[in-house]
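Chemist: next comes the sequence, and after it the predicted model I'd like to discuss.
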Amino acid sequence: MDFNAEILHKLPTVLTADELLDKAFRRASKVSGRGKEKAINKIATVGNVISAHLNSVVKAHPSYTSMPEFYRELIDLTVGIGRIRKSLAALKWADSMVQRVVTKGIKQVKGGKNPERVIKETYGRVASIVKQIDDELRTLNEAKVSLRRIPVFLNVPTVVVAGYPNVGKSSLVSKISSVKPKIASYPFTTKEIYVGIIDCIDCGEKIQIVDTPGMLDRPIHKRNEIEKRAILCIRHLADCILFVLDPTESCGYSMEKQLSLLEEVKELGKPIIEVYSKADLHDKRDRIAFSTVSGEGIEDVKKEILKVIRKKYLLP
Ligand SMILES: Nc1nc2c(ncn2[C@@H]2O[C@H](COP(=O)(O)OP(=O)(O)OP(=O)(O)O)[C@@H](O)[C@H]2O)c(=O)[nH]1
Ligand SMILES: [Mg+2]
């Protein structure tokens with residue numbers, strides 16, 4: 001992927017309509033000059049401040065059409081690309097309307113109309129335009145906050161950890177990689193996607209590990225947006241899937257359901273490593289079993305990841 005997701009972390013804070021108008025009018029109140037000239041400066045300043053802000057927001061957004069499908073779908077799930085596009089279009093509209101009102105105001109002052117009256121009328125029109133896009137400004141500020149949470153994925157071999165909620169995915173990721181996602185004893189603790197790096201000391205390879213939200217075994221159209229994020233990661237990022245099963249069922253879900261989800265994930269046709277979590281609580285060993293409590297099997301999991309990745313990338 002040559003798209004740099006850091007652009008999503010650099011979006012500017014978007015002012016509300018009132019904040020933007022305040023800023024513009026305050027700046028205009030400080031302009032110097034006399035009579036006509038001062039009035040023209042004031043009106044032009046209002047136009048410039050508003051235009052600069054709206055343009056900086058519009059320009060900071062990436063092209064949602066040309067970015068990789070994975071990011072596009074993830075952003076669509078997180079914020080909605082349609083909403084972002086509509087809001088950006090509203091900002092462009094407001095910018096051109098404000099500029100039109102400002103140009104007209106300046107012309108009127110130059111033409112001899114009472115400057116004070118023109119200022120009052122122009123300010124009123126500008127305020128009414130900017131207030132019309134208040135919802136869109138707020139949407140774009142919310143988008144900025146959400147987009148900042150989308151991780152930057154590296155273009156390196158990637159293992160995606162998947163499974164039912166509460167089975168111990170994040171506990172494992174936190175043990176074997178650089179990222180420390182939240183761990184808790186309730187399902188759907190992980191709502192977003194976490195990316196860590198497993199430094200493989202003996203081979204010098206960097207392997208990316210992606211912690212995903214838990215998924216339930218149910219048809220795609222019934223899945224919530226949190227589960228859909230996990231599917232997206234598996235589909236687009238995974239060179240290999242680490243599927244975590246909790247045979248103690250202390251996660252709150254039966255093995256039958258967990259295995260049924262495993263079957264579904266297998267259909268994606270990617271290499272899968274099947275592992276048991278919570279090995280300190282059971283003695284099933286027909287799959288690699290690990291415990292983040294006793295430490296048992298953690299190295300085996302790492303070794304298996306490495307083996308699969310090496311095979312896929314034909315590494316020595
Ligand atoms: N006994 C025992 N408990 C564990 C182990 N690993 C995780 N747990 C517990 O299992 C619960 C769920 O752990 P998480 O790592 O948050 O599980 P998750 O699969 O990431 O959960 P979601 O993010 O909700 O999908 C927590 O209460 C952990 O303390 C383990 O090896 N042994
Ligand atoms: Mg988790």
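Modeler: Noted; the coordinates are in hand. Ligands and ions are numbered 1, 2, ... in the order given.
Chemist: ligand 2 contacts on the protein?
Modeler: Counting by C-beta under 5 Å from the ion, the residues of the chain lying close to ligand 2 are 169, 170, 189, 190. Backbone N, C-alpha and C define where each C-beta goes, glycine included.
Chemist: same list, the residues you listed, but as JSON lines with neighbour count please.
Modeler: Shown next, in JSON lines, are these (neighbours: other C-beta atoms under 10 Å):
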{"residue": "169", "neighbour count": "30"}
{"residue": "170", "neighbour count": "25"}
{"residue": "189", "neighbour count": "16"}
{"residue": "190", "neighbour count": "24"}
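Chemist: ok, which of those also contact ligand 1?
Modeler: Among the residues of the chain next to ligand 2, the ones lying near ligand 1 by C-beta under 6 Å from any ligand atom are 169, 170, 189, 190.
Chemist: hey, C-alpha coordinates of the host helix or strand of the second one in PDB?
Modeler: In other words, residue 170. Residue 170 belongs to helix 169-176 when assigned by DSSP states H and E. What follows is helix 169-176, C-alpha atoms only, in PDB (Å, rounded to 0.1, in the frame of the first residue of the first chain):
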ATOM      1  CA  LYS A 169      -6.800 -12.400  22.000                       C
ATOM      2  CA  SER A 170      -5.600  -9.100  23.400                       C
ATOM      3  CA  SER A 171      -3.900 -10.800  26.400                       C
ATOM      4  CA  LEU A 172      -1.800 -12.800  23.900                       C
ATOM      5  CA  VAL A 173      -1.000  -9.800  21.600                       C
ATOM      6  CA  SER A 174       0.100  -7.900  24.600                       C
ATOM      7  CA  LYS A 175       2.400 -10.700  25.700                       C
ATOM      8  CA  ILE A 176       4.100 -11.300  22.400                       C
END
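Chemist: any residues touching it, and which ones?
Modeler: Helix 169-176 is contacted from outside by 161-163, 179-183, 189-190, 194, 196, 198, 209, 211-212, 214, 242, 244, 277, 290, 292, 298, 301-302, using C-beta atoms under 8 Å, 6 or more residues apart in numbering.
Chemist: ok, which stretches of the stretch 151-300 of the chain are helices?
Modeler: Using DSSP state H, counting those that start in this stretch, the helices of the stretch 151-300 of the chain run over 169-176, 225-237, 255-266, 298-313.
Chemist: between helix 169-176 and the longest one, find me the angle.
Modeler: Orientation check (axes from the mean of the first three to the mean of the last three C-alpha atoms, to 10 degrees): helix 298-313 against helix 169-176 gives 90 degrees.
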